[in-house]
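Chemist: sequence plus predicted model, see below.
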Amino acid sequence: MPDATSPAPATGAGRKLAALVLGLAALVTVMLCAFALPSVHSGPHEVPVGAAGPAQFTQALEAKLGDDEWDVRVYEDADAIAAAVHDRDITGGVALASEGIDVYVASAGGSTTAAAVTTLGNTLAAQQHTEATVHDLVPFTEDDPRGSGLTAAAMPIVFGGILPVVALSTLFPGRAGLRTRLLGVLLYAVAAGAAITALLQFGTGSLDGGYGVTSLGLALGITALSGTMLGLHALWGMPGFALGGAVVMFLGNPLSGLPTGPHWLPSGWAELGQLLPPGATGSLLRANAYFDGTGAMTPVLVLSAWVLLALCLAALAGRRRAGRTGTPAPVTASPEEAVV
């Protein structure tokens, strides 16, 4: 029997406490970096903007804006700029005409970027001693001209993807309940996508796309997020769930670009955000709700990859549990299986 004065237990507890404290401190630091750094360094980063007019005008604009902030692309005329904005090749553009400067923006693609392009057009008009006329080609809806509903959807998408995993894992634990949990995630995603879209489109009037397509896009995003969280929990238990939750909350949410559009995030952060489920879901929602599906292909592929990863994680978890028991899946879960 160990001596009552033995320091071993205390030493072990001290090491666990130190590891926990350091781990939590590191987590808080990462969270601060994810939220603060993109905000501190936010601004235009390689924002594609069009220019049309005499060669002297477009060349001067390229020389003035040709840096890391703007990506100036020259078009034949104002109609070509407008078409490029609708096709989401550029975020906006300016065209010099005899009666002034025409500014083309798409506020639904990112209100902050649209405001910056408008400011650019007004500045150029002042330098030319003329006036700028702003054309918002893809605006938000009349009921929600600032896009508040779209911005507000960010947190429900994230929390709505995490909470069902907790509920399903509690009600249907173990390997025996894994298929039920996967089915539950799919059914929940369809129901939540339909409900969120209905509220934003018919309740607040924030969305202006086809209801069916928009709701299915949200269902795909929620499936990708919830399914991945479920797979991580099934394979590695609470540590896997905590890791997935930290990535989604502390990276995916602030880097989603839903309030401003991805071009307003620092280079590198923006690309990372669009590869995570919250960012891809937000981009798909924006494409379906305002641009008739233009630009939806990339987020669909990203979210489909996450769904495939979720299925792979669940399959690995099922095989690992089967290998441990060496027997077919039991009808009811044992206490040991409840961590899966």
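Modeler: Cool, got the structure.

Chemist: all helices of this structure, in order?
Modeler: Per DSSP state H, the chain carries helices over the ranges 8-40, 55-65, 78-86, 111-127, 148-152, 154-171, 178-198, 211-247, 269-275, 277-290, 297-325.

Chemist: among those helices, which comes closest to residue 258?
Modeler: Nearest to residue 258, of all those, is helix 277-290, at 3.9 Å by Cβ to Cβ. From N, CA and C alone the C-beta is placed, and that goes for glycine too.

Chemist: where's the closest residue to residue 225 other than its chain neighbours relative to residue 245, distance?
Modeler: Computed as Cβ to Cβ, 6 or more residues apart in numbering, the closest residue to residue 225 that is not its neighbour in sequence is residue 161, at 3.2 Å. As judged by Cβ to Cβ, to the nearest Å, residue 161 and residue 245 stand 10 Å apart.

Chemist: overlap in contacts, those two.
Modeler: When contacts are counted by Cβ atoms under 8 Å, 6 or more residues apart in numbering, residue 161 and residue 245 are jointly contacted by residue 229.

Chemist: between those two, which has more neighbouring residues?
Modeler: Neighbours per residue (other Cβ atoms under 10 Å) separate residue 161 from residue 245, with residue 161 holding more: 30 against 20.

Chemist: isn't the more buried one up against residue 249?
Modeler: No. Counting by Cβ atoms under 8 Å, residue 161 does not reach residue 249; the two are 10.3 Å apart.

Chemist: and residue 257, what pLDDT?
Modeler: Note on residue 257: pLDDT of 85.

Chemist: residues in contact with the closest residue to residue 155 other than its chain neighbours?
Modeler: Using Cβ to Cβ, 6+ apart and skipping residues adjacent in sequence, the residue nearest residue 155 is residue 253, 7.3 Å away. Residues near residue 253 by Cβ under 8 Å, 6+ apart: 154-155, 158, 278.

Chemist: what's near enough to touch residue 263?
Modeler: Residue 263 neighbours (Cβ under 8 Å, 6+ apart): 44-48, 91, 110, 113, 257, 270.

Chemist: correction: residue 108
Modeler: The contact partners of residue 108, taken as Cβ under 8 Å, 6+ apart, are 138-140, 147, 286, 289-291.

Chemist: likewise residue 256?
Modeler: Counting by Cβ under 8 Å, 6+ apart, residue 256 has contacts 154, 273, 276, 278-279, 281-282.

Chemist: adding neighbour count and pLDDT as columns, could you present those in a markdown table?
Modeler: Listed next are the contacts of residue 256 as a markdown table, based on neighbours: other Cβ atoms under 10 Å; pLDDT from 0 to 100:
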| residue | neighbour count | pLDDT |
| --- | --- | --- |
| 154 | 21 | 87 |
| 273 | 25 | 91 |
| 276 | 21 | 95 |
| 278 | 28 | 94 |
| 279 | 28 | 94 |
| 281 | 32 | 96 |
| 282 | 27 | 94 |
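
Chemist: tell me which two of these sit farthest apart.
Modeler: Most distant of the contacts of residue 256, by Cβ to Cβ, are 154 and 276, 12.3 Å apart.

Chemist: give me the distance between residue 289 and residue 28.
Modeler: 35 Å.

Chemist: which of those two has more residues huddled nearby?
Modeler: residue 289 (29 against 11).

Chemist: tell me how far the residue nearest to residue 155 lies from residue 53.
Modeler: Counting by Cβ to Cβ, the gap from residue 253 to residue 53 is 41 Å.

Chemist: then residue 86?
Modeler: With distances taken as Cβ to Cβ, residue 86 is found 20 Å from residue 53.

Chemist: show me which of the two is the more surrounded one.
Modeler: Taking neighbours as other Cβ under 10 Å, residue 86 and residue 53 compare with residue 53 leading, 21 against 16.

Chemist: quick check on the more buried one: phi, psi?
Modeler: The phi/psi pair for residue 53 (degrees, to the nearest 10) reads phi 150, psi -170.

Chemist: for the closest residue to it other than its chain neighbours, the count of nearby residues, please.
Modeler: Leaving aside its sequence neighbours, residue 53 sits nearest to residue 96 (Cβ to Cβ, 6+ apart; 3.2 Å). A count of neighbours around residue 96, defined by other Cβ under 10 Å, yields 20.

Chemist: do you know the pLDDT at residue 96?
Modeler: 92.

Chemist: isn't it right up against residue 57?
Modeler: Yes. At 4.7 Å, residue 96 counts as touching residue 57 under the criterion of Cβ under 8 Å.

Chemist: what is the residue nearest to residue 53 paired to in the beta sheet?
Modeler: residue 101 (DSSP bridges).

Chemist: show me what contacts it?
Modeler: 52-54, 57, 124, 128.

Chemist: try it again at 10 Å.
Modeler: Counting by Cβ atoms under 10 Å, 6 or more residues apart in numbering, residue 96 makes contact with 51-54, 56-58, 61, 78, 102, 124-125, 128, 130.

Chemist: and the pLDDT at residue 159?
Modeler: pLDDT, residue 159: 86.

Chemist: coming back round to it: overlap of the contact sets of residue 96 and residue 57?
Modeler: Common contacts of residue 96 and residue 57, defined by Cβ under 10 Å, 6+ apart, comprise 51, 124, 128.
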